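1. Need a 3D model of the sequence below.
(one chain, ligands or ions: 1)
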Amino acid sequence: MSGVVLRGPLLAHLTRCGLPAQVERSSAPLAQLGSQCKAFSRSMSVHIELTVPPPQALLKPLVVPKKLLLGPGPSNISSRVQEAGGKQVIGHMHSEMFEIMNEIKAGIQYAFQTTNKLTMAISGSGHAAMEAALANVVEPGDVVLIGIHGVWGERAADIAERIGGDVRRCVIPPGQKFTLQEIEQALVHHKPSLFFITHGESSSGVVQEMDGIGPLCHKHNCLLLVDSVASLGGVPLYMDKQGIDILYSGSQKVLNCPPGTAPLSFNNKACQKIFNRKTKPTSLYLDMSWLSNLWGCDGSPRKYHHTTPVTGLFALREALAILAEEGLEKSWKLHQENAEYLYKGIQELGLELFVKDKASRLPTVTTIAVPDGYEWKDITDFIMKKYQIEITGGLGPTIGKVLRIGLMGINCTKTNADLVLGALKDALKQCKKSKH
Ligand SMILES: *Cc1c(COP(=O)(O)O)cnc(C)c1O
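-> Reported below is the predicted structural model:
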């Protein structure tokens, strides 16, 4: 190669920058071209200035404070999960990655107690799984019945409406759970094709009894969709045995995994609805005809759909492995025992549990009625500032009504219960009563 020809836009640009047009000649030696290019780039830096400078904040090292996360999520992650999530990336379409995805699938099947083939982790937080479930099962005009006993039913109703569902709300006060009679009455009245209910209502601290709801829904020709984001691994739940057609969860609560991957499973009846739709789901990202293939559920070679959160999936794999090693029964028992220990301590402080019925209390997230005279935020702020412990206020219908304490997965210990009780006791002494 003896010379380089410059034509078109680049030549026009060089000429505009004041460079001699002779570079056009095909005989221009490379050395000459090199020096002209240097002049070109110098002139570029003169003529094109950045209007946004590098942010000063990014020129300092990353700071992540150490905190004990005893709110309703996220919870702290174990060092084993942390290490898995810090490994080098591999390709999302590599055979080793598919193997890891198969292991995750088996881990979710165990955690859900299901043999459903269409089982996977959605790339996103719990909300993404909620959207994925609704977007695939609901078609415009479908009647969707939503049980609302806290904020999560409200969210599901909002999503179902955006999809074009004909949403019917069945609302009970936060702190209570649905009876089978209430559910059956609503099913008879509305004749929905889908019923949504939250198992662990983390905004109110209620665990919904699941036995009997599946058979009721099926008797009335309706699919059952359940949110188990705050309960999975901490409270008994049996997808197949309880007749749950669609179940989803999240990674950052009892599983002690970073947020960003969300277990989701559909049984055959739900698949019949999904794969006989008249319309495509409005979301391509969450479309099960793509995702069932990507997760190796349809028997065909996997095709690229989107780049999965590879390291997030490593972390989820380890979190599910830890649950499998420990065993569900042991984990359920631990959450129940430590929750009861916490209830006792709360009552000894003279505080009142928000959920009156003992059997309705969600072991993973405990709600305390905001003590008379106190501003809830003064208490949570004080505990964060002095102890670096997170507890939170209410959410949705419980805002201003409750304080929430989560003891989930590795955070579910008597030591942590004692720590938060001590911090609460101190807060009650130090925070001023500002309300009358
Ligand atoms: C936390 C939570 C969610 C939402 O999960 P994100 O990961 O924050 O999207 C949904 N449902 C319940 C019951 C939850 O506790």
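
2. okay, CA-based contacts and neighbour counts for the rest of this
-> Noted.

3. How about the contacts made by residue 263?
-> Residue 263 sits next to 108, 119-122, 129, 248-251 when contact means CA atoms under 8 Å, 6 or more residues apart in numbering.

4. which among those residues gets closest to residue 278?
-> Nearest to residue 278 out of the contacts of residue 263 is residue 129 (CA to CA; 21.9 Å).

5. In the contacts of residue 263, which residue is surrounded by the most others?
-> residue 250 (33 neighbours; other CA atoms under 10 Å).

6. ok, now which ones touch that residue?
-> 125-126, 129, 228-230, 259, 261-263.

7. how much space between whichever residue of the stretch 151-300 of the chain sits closest to the ligand and residue 86?
-> Proximity of the stretch 151-300 of the chain to the ligand (CA to the nearest ligand atom) peaks at residue 230, 4.1 Å away. Per CA to CA, to the nearest Å, residue 230 is found 25 Å from residue 86.

8. Of the two, give the one with the bigger neighbour count.
-> Neighbours were counted for residue 230 and for residue 86 using other CA under 10 Å; residue 230 has more, 32 against 13.

9. Give me the pLDDT for the nearest residue to the more buried one once chain neighbours are set aside.
-> Excluding the flanking residues, the one nearest residue 230 by CA to CA, 6 or more residues apart in numbering is residue 200, at 5.4 Å. Looking at residue 200, its pLDDT is 98.

10. same check, this time on residue 433
-> On the pLDDT scale, residue 433 gets 84.

11. picking that back up, can you count the residues close to the residue nearest to residue 230?
-> The burial count for residue 200: 28, using other CA under 10 Å.

12. from what I can see it touches residue 227, true?
-> Yes: the pair residue 200 / residue 227 is scored as a contact, 7.4 Å apart, by CA atoms under 8 Å.

13. and residue 95, how many neighbours?
-> Neighbour number of residue 95 under other CA under 10 Å is 11.

14. actually residue 131, not the one I wrote
-> Using other CA under 10 Å, residue 131 has 18 other residues around it.

15. same check, this time on the one 5 residues further on
-> A count of neighbours around residue 136, defined by other CA under 10 Å, yields 24.

16. Let me see the contact set for it.
-> Taking CA under 8 Å, 6+ apart, one finds 274, 281, 286-288 in contact with residue 136.

17. That one belongs to a helix?
-> Yes: per DSSP: H, G, I helix; E, B strand; the rest coil, residue 136 lies within a helix segment.

18. Give me the distance between it and residue 309.
-> Distance from residue 136 to residue 309, by CA to CA: 21 Å.

19. and the chain, which residues reach the ligand?
-> 125-127, 152, 200-202, 227-230, 250 (CA under 6 Å from any ligand atom).

20. hmm, try it at 5 Å
-> Those residues of the chain that sit near the ligand, judged by CA under 5 Å from any ligand atom, are 125-127, 202, 229-230.

21. Most widely separated two among the residues you listed?
-> Of all the pairs that these form, the one spanning the most space (CA to CA) is 125 and 202, at 15.4 Å.

22. out of those two, which sits in the busier spot?
-> It is residue 202, of residue 125 and residue 202, that has more neighbours when counted by other CA under 10 Å, with 29 against 20.

23. That one contacts residue 230, doesn't it?
-> Yes: using CA under 8 Å, residue 202 makes contact with residue 230 at a distance of 6.2 Å.

24. joint contacts of these two?
-> 72, 365.

25. List the contacts of the residue nearest to residue 230.
-> Residue 200 makes contact with 206-208, 227-231, 362 under the criterion CA under 8 Å, 6+ apart.
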